[in-house]
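Engineer: coordinates only, sequence not included:
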């Protein structure tokens with residue numbers, strides 16, 4: 001990456017100059033070189049991240065206005081910074097993949113999500129679901145494992161992982177994942193409730209996460225409302241008897 005190369009060149013040049021031309025000992029010259037490396041590296045990183053952040057903000061406004069194609073093009077314009085900073089392209093790919101997934105353009109989304117940033121846990125979760133839909137449970141599990149390793153404090157991610165395992169018939173593994181999630185996240189009511197649901201053979205309750213959950217397209221709000229209505233009607237019949 002250009003940021004690293006430029007910073008290393010500056011740091012090395014300062015070290016050599018102070019050691020050879022200024023007669024400074026190699027230890028002190030190297031310490032000065034480290035400082036000379038750190039300053040430009042920090043400034044360039046900050047500049048690039050600021051530019052990417054600005055693009056993300058513009059894209060977000062386009063998404064809210066329903067202009068998803070324009071939002072994607074805005075994000076793609078950020079590729080010009082990919083040679084300057086590590087993980088810039090993968091962050092942009094993750095964001096584009098997420099937009100396409102939410103639009104339910106799963107085929108195109110998959111191509112971008114595969115190249116996405118591992119610490120973007122929402123995108124990683126979507127990629128894992130794509131593998132599940134392609135009937136590749138091993139790849140699904142591998143992807144989720146990478147995601148929880150990088151974002152172990154996200155309760156929804158652990159719930160999502162367990163939900164998908166349960167969906168492919170791996171309830172015992174799902175229970176194990178939820179138990180591990182509780183240890184990593186700490187006390188969390190939603191994790192505990194869904195862990196008990198799995199242990200008792202009941203469906204996990206994910207609607208508590210609202211839009212964050214529905215963006216994964218594993219359940220529809222309308223379907224859940226119908227389930228609740230049937231449950232209420234069933235209780236009423238029992239009361240009448």
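Structural biologist: In hand now; what should we look at? No experiment lies behind these values; they were computed from the predicted model shown.
Engineer: mind listing the helices for the chain?
Structural biologist: Taking DSSP state H as the criterion, the chain carries its helices at 2-16, 26-64, 68-76, 88-102, 106-113, 121-133, 137-150, 155-167, 171-185, 189-199, 211-214, 221-240.
Engineer: in CSV, list these along with mean neighbour count and mean pLDDT.
Structural biologist: (Each C-beta comes from the backbone N, C-alpha and C, glycine too.) Shown next, in CSV, are the helices of the chain (neighbours: other Cβ atoms under 10 Å; pLDDT from 0 to 100):
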stretch, mean neighbour count, mean pLDDT
helix 2-16, 16, 91
helix 26-64, 15, 92
helix 68-76, 17, 94
helix 88-102, 23, 95
helix 106-113, 18, 96
helix 121-133, 24, 97
helix 137-150, 18, 97
helix 155-167, 23, 97
helix 171-185, 18, 96
helix 189-199, 17, 96
helix 211-214, 14, 92
helix 221-240, 10, 49
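Engineer: and the ones you listed: which comes nearest residue 82?
Structural biologist: Between residue 82 and those, the shortest gap by Cβ to Cβ is with helix 88-102, which sits at 3.9 Å.
Engineer: what's that closest one in contact with?
Structural biologist: 48, 52, 56, 59, 63, 68, 71-72, 75-76, 78-79, 81-82, 106, 108-118, 120, 122-124, 126-127, 130, 215, 217 (Cβ atoms under 8 Å, 6 or more residues apart in numbering).
Engineer: please convert the helices of the chain to a markdown table, extending it with distance to residue 205.
Structural biologist: Formatted as a markdown table, the helices of the chain follow (distance: least, Cβ to Cβ, whole Å):
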| stretch | distance to residue 205 |
| --- | --- |
| helix 2-16 | 45 |
| helix 26-64 | 28 |
| helix 68-76 | 30 |
| helix 88-102 | 22 |
| helix 106-113 | 25 |
| helix 121-133 | 18 |
| helix 137-150 | 20 |
| helix 155-167 | 9 |
| helix 171-185 | 13 |
| helix 189-199 | 6 |
| helix 211-214 | 10 |
| helix 221-240 | 9 |
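Engineer: domain parsing for this structure?
Structural biologist: Domain segmentation of the chain under automatic domain parsing yields 1-86, 152-241.
Engineer: adding distance to residue 94, write the ones you listed out as JSON lines.
Structural biologist: Shown next, in JSON lines, are the domains of the chain (distance: least, Cβ to Cβ, whole Å):
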{"stretch": "domain 1-86", "distance to residue 94": "10"}
{"stretch": "domain 152-241", "distance to residue 94": "14"}
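Engineer: any idea how far the residue nearest to residue 180 when sequence neighbours are not counted lies from residue 204?
Structural biologist: Nearest non-adjacent residue to residue 180, counting by Cβ to Cβ, 6 or more residues apart in numbering: residue 158, 7.6 Å away. Separation of residue 158 from residue 204 (Cβ to Cβ, to the nearest Å) stands at 11 Å.
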